[in-house]
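**Student:** Here's a sequence, model it:
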Amino acid sequence: MKHYFGVDYYPEHWPRERWETDAALMVELGIDVVRLAEFSWSKLEPAEGEFNFGWLDEIIDILTEQGIKCILGTPSAAPPAWIIAKNPEIQPIDYEGRRRYFGGRHHDCQSNPVYREHIRRYVTAFAGHFGGNPNVIGWQIDNELGNSHGDLCYCPSCETHFQEWLKEKYGDIETLNCKWGTVFWSQDYSDFSQIQTPKITVTGENPSAVLDWKRFCSDLIVEFHKFQSDILRAIAPGKFITQNMMGFADKVNYFDLAKDCEFVSHDQYPSGHFRPTQNVLIADLLAAELDFIRSTKQQSFWLMEQQSGITGWEVLGRAPRPGELGMWAMQCIAHGADTIVFFRWRTCTVGTEQYWHGILPHSGIPGRNYRELKGLIEKTKPLLEEIQGSLPVAKVGIVFSYDQEYAFKIQPHHPDLTYIDHLMKYYTALYDRNIPVDFVSDKKDFDQYDLLIAPLQYLMTPELESKYKEYVSKGGKLVLDMRAGVKDDTNRCMMDASLPGGLSDLVGLNVLEYDCLRDVTGYVLWDGIRYTCEKWSDIITTTTSCPLAYYDSEFYAGTPVITVNTYGDGKAYYVGTEPGAELAAKFIDELAKEHGLRSFGETPKGVEIVHRAVGNKDYIFVINHTNETKRIRIPECWIPYYEGQSEVLAGFVTDVYLCER
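**Tutor:** Numbers count the residues shown, from 1 in each chain. Here you go, the predicted model:
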């Protein structure tokens, strides 16, 4: 049995006499799966070893009677007060050395062995009790692993584990001193026990040490996940395990975390109160996050938390406008989601999330959100059944590296330069042209892509250099850009050649100087048109490459900024700056024309076209992200999936077409 639509439900927040009503309303809505219990530890184990699973059994039975299956979350994101009272040392310590205390969530150190034993006891009993229930179909481990832990944890337990991690990586302290460059500022160590977690310093930090710390934190979370999944799989085999990820959040490497999941899940809040602007079109960023989550395993995924109302903690976001909830869900489906689980069923009346609104309001009386989603579910279930497991076919890949992102978090160069914003320049230009995109780890094979864009390849290894050269020599088209080949994988600057180091022959140029564009906009001239560039300028000397565009400002005006070099059977492009939106669009247009990149056609701003391939046909989604009516040219070979579709697309509406390939 497939599961297409679900809700996140917290029965412990509501009177027992309401549960049957909720289950009946869920069935009426079209719900077939519910996530439960990921924050219920205190209710399920009110004292050590005293398990109270009866109420959860009861709600599972009620849902089962209505034909609804359940996913259970392990509640390690919120250890109860009695654990904190017994073992206060499990509370984490932040970057400034302060203890973070009970009263919120994620108040735990994931390396602490005492806490691990509490988790082992609980998860063992949890799996033993619910593992045999056929109506419990899978597990979610913890909740949003990495969330709230960005500044955590720097406690003595983490310090010991960090030292062990470093010893395993480097073998001896002399090697670590060399790789970290500890000769600078008298930072040499004579023993691993002297190494501390990198808390706040008087001034400055060792970039090599901080990079390894970030890698260690990611590995710790991956291991924390596996610690629980091993227990669950041993006691209750045959049930899936997933993790609800958060787009481009960077605390943990999602490529690594995904390996321990049967499939991955994602949490998506398009008008989240945490966003700096509201009702501003960010469809490209939402699409990129969905494409990225899909790419972590190169398979379809679930939305484990899909926005279903106003978001908010202390402050609130905007109310979703009529049609937006359904449109957001359809965008997720279009980019590869097989199941949409809405957060949450009913708006809570207590606690921090009193204003994180659900499908039902505080009163529990169905309103507009309920009616809109009911219509969406009725309309979309047959479609979801047909496209289960299918994916978009992308011939363009964007290389994504957590190491590169970590390195730029440590030393961003320009105060406004970020890894995600930079790669989004390319993604948005592709998105605006309706060209399908995958994200790909630099550890994966590149051969399936006609065009590979590798932004900010700041950390470089001989192995990755060889991989890029092999890809291009066999006919691939590669885009590299500014700050490529600056450092090795321990975050030390290269010194054996001019930039971009071992990539120089691939791109056919040298970078002998560069300029950080502080408080100034740069300009580029291409085909007689002037474009803006931002943040950085590599000053390029060509060897075998051909210039495509030139700087048109500063003392290096007239020198190349974008080049192309033939290498073997392929081509390597180099972009020596961060392009403005118009320059990025021009560049992608040139690449699309030169290399025949597949586009699903031109659309007005705010309308995207996405597809999922099933056999020899495409399911094509035309999504209007605006509240204005748009006119779209529909090719004659596209067959309308729903009656009444036309070239006129109403606001917040998604049309679907079938097309034979």
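
**Student:** in this structure, which helix has the most residues?
**Tutor:** Longest helix in the chain by number of residues (criterion: DSSP state H): helix 207-235.

**Student:** so what secondary structure elements neighbour it?
**Tutor:** Counting contacts by 3 or more CB pairs under 8 Å, 6 or more residues apart in numbering; DSSP states H and E, helix 207-235 is packed against helix 113-130, helix 156-170, helix 173-180, strand 240-242, helix 254-258, helix 402-410. (C-beta placed from N, C-alpha, C; glycine too.)

**Student:** rerun at 10 Å
**Tutor:** The contact analysis (3 or more CB pairs under 10 Å, 6 or more residues apart in numbering; DSSP states H and E) places helix 207-235 against helix 113-130, strand 136-140, helix 156-170, helix 173-180, strand 240-242, helix 254-258, helix 402-410.

**Student:** which strand is the longest one in the chain?
**Tutor:** Longest strand in the chain by number of residues (criterion: DSSP state E): strand 529-542.

**Student:** Strand 529-542 and the next helix or strand after it, what's the angle between them?
**Tutor:** Following strand 529-542 in sequence order, the next helix or strand is strand 546-551 (DSSP states H and E). Taking axes from the mean of the first three to the mean of the last three CA atoms, to 10 degrees, one finds strand 546-551 and strand 529-542 inclined to each other by 120 degrees.

**Student:** pLDDT score assigned to M1?
**Tutor:** With respect to pLDDT, M1 scores 66.

**Student:** And the one 4 residues further on, by the same measure?
**Tutor:** The confidence metric pLDDT takes the value 98 at F5.

**Student:** How about D94?
**Tutor:** What the model reports for D94 is a pLDDT of 97.

**Student:** Might you report the residue contacts of it?
**Tutor:** Taking CB atoms under 10 Å, 6 or more residues apart in numbering as the contact definition, D94 lies against 100, 149-155, 199-200.

**Student:** Tell me which two of the residues you listed sit farthest apart.
**Tutor:** Greatest spatial distance among those (CB to CB): H149 and I200, at 17.0 Å.

**Student:** Specify which residue of these two has the higher count of neighbours.
**Tutor:** Between H149 and I200, H149 has the larger neighbour count (other CB atoms under 10 Å), namely 22 against 11.

**Student:** so who does the more buried one touch?
**Tutor:** 77, 92, 94, 100, 106, 108-110, 217, 220-221, 251-252.

**Student:** cool, and R121?
**Tutor:** R121 is in contact with 45, 48-49, 51, counting by CB under 10 Å, 6+ apart.

**Student:** From those, pick the one nearest H118.
**Tutor:** For those, the closest approach to H118 (CB to CB) belongs to E48, at 8.0 Å.

**Student:** Any idea how many residues pack against S208?
**Tutor:** Neighbour count for S208, taken as other CB under 10 Å: 22.

**Student:** Surely it is in contact with Y170?
**Tutor:** No. Contact criterion CB atoms under 10 Å: S208 and Y170 do not qualify, at 11.1 Å.

**Student:** hey, what's in contact with both of the two?
**Tutor:** 176, 179-180, 490.

**Student:** Now tabulate these in JSON lines and tack on distance to S390, neighbour count and pLDDT.
**Tutor:** Listed next are the shared contacts of S208 and Y170 as JSON lines, based on distance: CB to CB, whole Å; neighbours: other CB atoms under 10 Å; pLDDT from 0 to 100:
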{"residue": "L176", "distance to S390": "47", "neighbour count": "22", "pLDDT": "98"}
{"residue": "K179", "distance to S390": "45", "neighbour count": "19", "pLDDT": "98"}
{"residue": "W180", "distance to S390": "47", "neighbour count": "25", "pLDDT": "98"}
{"residue": "T490", "distance to S390": "41", "neighbour count": "18", "pLDDT": "98"}
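
**Student:** and those residues, which two are the farthest apart?
**Tutor:** Of all pairs drawn from these, the one with the longest distance (CB to CB) is L176 and T490, at 9.5 Å.
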